[in-house]
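In: Take a look and give me a structure for this.
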Amino acid sequence: MPIVLGSDALVWLLVAAIAGYFAYVRRQPHLRLPWRRVTQSAYGMSALVVLVVLVAIGLLDSLHYRPVLERKDETGARVYSTEVRSRFDKAAAPLLEHRERTYSAPFATRAFARETLEVPGPDGKIQQVREFPKLAWGGAHLKSESDRTMDIFAKAALGFVLALVVWGALAALATLFQARSRGVAARAAWHAIWGMQTRVPWHAILVTAGVLLAIAGPVAALCGYYHVFGTDKVGRDVLYLALKSIRTGLIIGTVTTLVLLPFAVALGIMAGYFRGWIDDVIQYVYTVINSIPGVLLIAACILMAQVFIDRHSDWFPTTAQRADVRLLLLCTVLGVTGWTGLARLLRGESLKLRELEFVQAAQAFGVRDTRVMTRHILPNVMHLVLISLVMDFSALVLAEAVLSYIGVGVDPSMISFGTMINAARLEMSREPMVWWSLAAAFVFMFILVLAANLFSDAVRDAFDPRAKIGVLAPA
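Out: Sure, this is the predicted structure:
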């Protein structure tokens, strides 16, 4: 049974808004030109490839449903589970279903800690021994544990070969597209790509895609037989937890923009355009908001929401819906407290734009203030809005990790980088140390934040009004 969480609706609303924006950009040459500059950046397009993969995982994880149970009720109707799953869960079923009892190291075939086991002794009697028990899934297909190294190597090699085939298909498509757009032979297009003679840096795109496939191919081939990143305290696959955390990070970084954008754009432009007492009131509002410690405000709102959810538990029939309400509240609080910086920036830009000739001419002709702001001021500050939002994305992802670490972030039942790091606190103090949960959260969060930062740098450079326009080469 399909189920739409509040965060799912906002995510797909944002996807529709982005699609509408780029449809509008295609008809506006002055907006199309900066985005063409973005596509000329090698590091920007490499970062975009990584972001596209991560966003695809997040979108797949935003299609939720409740599985149907085998039994039926008294009337013969279908009965649905109270557990909410996503299309990503279905695609990653081996990672989700292959659970162990507790910790296991990466690629291990036995548990991480010794347990008391009952085994038959030499005389046939049952005796108790302290031993590392075999895992239920990790390496269970092996006839002998001594074959583990060769088995891992063989499956990784098979995954690498499949990744190479996929990369070859992508390279062939890029070459054919380049050859068709330039009107040359495929051989010449191939040399142009690797000679870095194309406007779009196809060489950087293909190299990045090759690196991702070289990692993803062996991991995909191995994850059905081993726990590539080990398991956590309750036996869940850490690779699955890290992939599930991507959606939470993307929601924190994107849905929050839906909250802060109206406040920042409307109040920032109004303050700079009207000046006077309106400017004073708006400045007073965001000065007061900035004077409130953000962590304390977030903690108070989250605790009040938790009390409300506990008192009205019948309003939220599933755990996922309760966790989703808390996630949306966190996005709302981050948005309400995070719009002040962008509003200040837009206020200063609006103060400058209102003194220019085209704005004063519109005022002289009696054009309404609302139309002047939407028709003349807003289009000329949208590049600042876009740059600010893209650059703030990584800060919001890191904010979720910090807030969840101190216990005022997302619901503990929701998988995120912050909850993984929070759970790793006690694991790091064990002897021997359980390090793989923290390492997995760090690696995936680092990749997400680094890709967002590199892409934001490319966007900032492309939309910089002081950048040279130059002559754009053919694609």
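
In: what comes into contact with stretch 224-240?
Out: Stretch 224-240 is contacted by residues 92, 94-96, 98-108, 112, 135, 137-139, 141, 151-152, 155, 219, 222-223, 241-242, 420, 423, 427, 434, 436-437, 439-440 when judged by CB atoms under 8 Å, 6 or more residues apart in numbering. Backbone N, C-alpha and C define where each C-beta goes, glycine included.

In: and those residues, which are buried?
Out: Buried members of these, scored by 16 or more other CB atoms under 10 Å, are 92, 95-96, 98-100, 103-108, 112, 135, 137-139, 151-152, 155, 219, 222-223, 241-242, 420, 423, 427, 434, 436-437, 440.

In: Among the contacts of stretch 224-240, which lie within helices?
Out: Taking DSSP state H as the definition of helices, the contacts of stretch 224-240 contribute 94-96, 151-152, 155, 219, 222, 241-242, 420, 423, 427, 436-437, 439-440.

In: Now do the contacts for R275.
Out: Under the contact definition (CB under 8 Å, 6+ apart), the residues listed for R275 are L351.

In: any idea how far it lies from S350?
Out: Here the criterion is CB to CB, to the nearest Å. By it, R275 lies 9 Å from S350.

In: Residue ranges in the stretch 351-475 of the chain under the pLDDT threshold?
Out: In the predicted model of the stretch 351-475 of the chain, residues 464-475 satisfy pLDDT under 70.

In: now with 90?
Out: For the stretch 351-475 of the chain, the stretches with pLDDT under 90 are 351-439, 441-442, 445-446, 448-475.

In: Quickly list the domain ranges of this structure.
Out: Listed domain ranges for the chain are 2-64+232-463, 145-222 (source: automatic domain parsing).

In: Highest mean neighbour count out of these?
Out: Sort the domains of the chain by mean neighbour count, taking mean count of other CB atoms under 10 Å, and domain 2-64+232-463 sits at the top with a mean of 18.

In: got a list of what the nearest residue to L351 once chain neighbours are set aside touches?
Out: Taking CB to CB, 6 or more residues apart in numbering, and ignoring the residues beside it in sequence, L351 has G272 as its nearest neighbour in space, at 4.3 Å. Contacts of G272 were listed using CB under 8 Å, 6+ apart, and they are 279, 346-354, 377.

In: repeat that for 6 Å
Out: Going by CB atoms under 6 Å, 6 or more residues apart in numbering, G272 touches 347, 350-351.

In: quick one: which of the residues you listed is nearest to L170?
Out: Closest to L170 out of these is S350 (44.8 Å), distances taken as CB to CB.

In: That closest one sits in which helix or strand?
Out: Taking DSSP states H and E as the definition, S350 sits inside helix 340-353.

In: now D392
Out: With secondary structure defined by DSSP H and E, D392 is part of helix 378-405.

In: For stretch 64-79, C-alpha coordinates in PDB please.
Out: Taking Å, rounded to 0.1, in the frame of the first residue of the first chain, the C-alpha atoms of stretch 64-79 are listed here in PDB:
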ATOM      1  CA  HIS A  64       7.400   4.500   0.700                       C
ATOM      2  CA  TYR A  65       4.800   1.800   1.000                       C
ATOM      3  CA  ARG A  66       3.500  -0.700   3.600                       C
ATOM      4  CA  PRO A  67       4.100  -4.300   2.700                       C
ATOM      5  CA  VAL A  68       1.000  -6.600   2.500                       C
ATOM      6  CA  LEU A  69       1.000  -9.500   4.900                       C
ATOM      7  CA  GLU A  70       0.200 -13.100   3.900                       C
ATOM      8  CA  ARG A  71      -2.700 -13.400   6.300                       C
ATOM      9  CA  LYS A  72      -6.100 -11.700   5.800                       C
ATOM     10  CA  ASP A  73      -8.600 -10.300   8.300                       C
ATOM     11  CA  GLU A  74     -12.000 -11.700   9.200                       C
ATOM     12  CA  THR A  75     -13.700 -10.100   6.100                       C
ATOM     13  CA  GLY A  76     -11.000 -11.600   3.800                       C
ATOM     14  CA  ALA A  77      -9.500  -8.200   3.100                       C
ATOM     15  CA  ARG A  78      -5.700  -7.700   2.800                       C
ATOM     16  CA  VAL A  79      -3.800  -6.800   6.000                       C
END
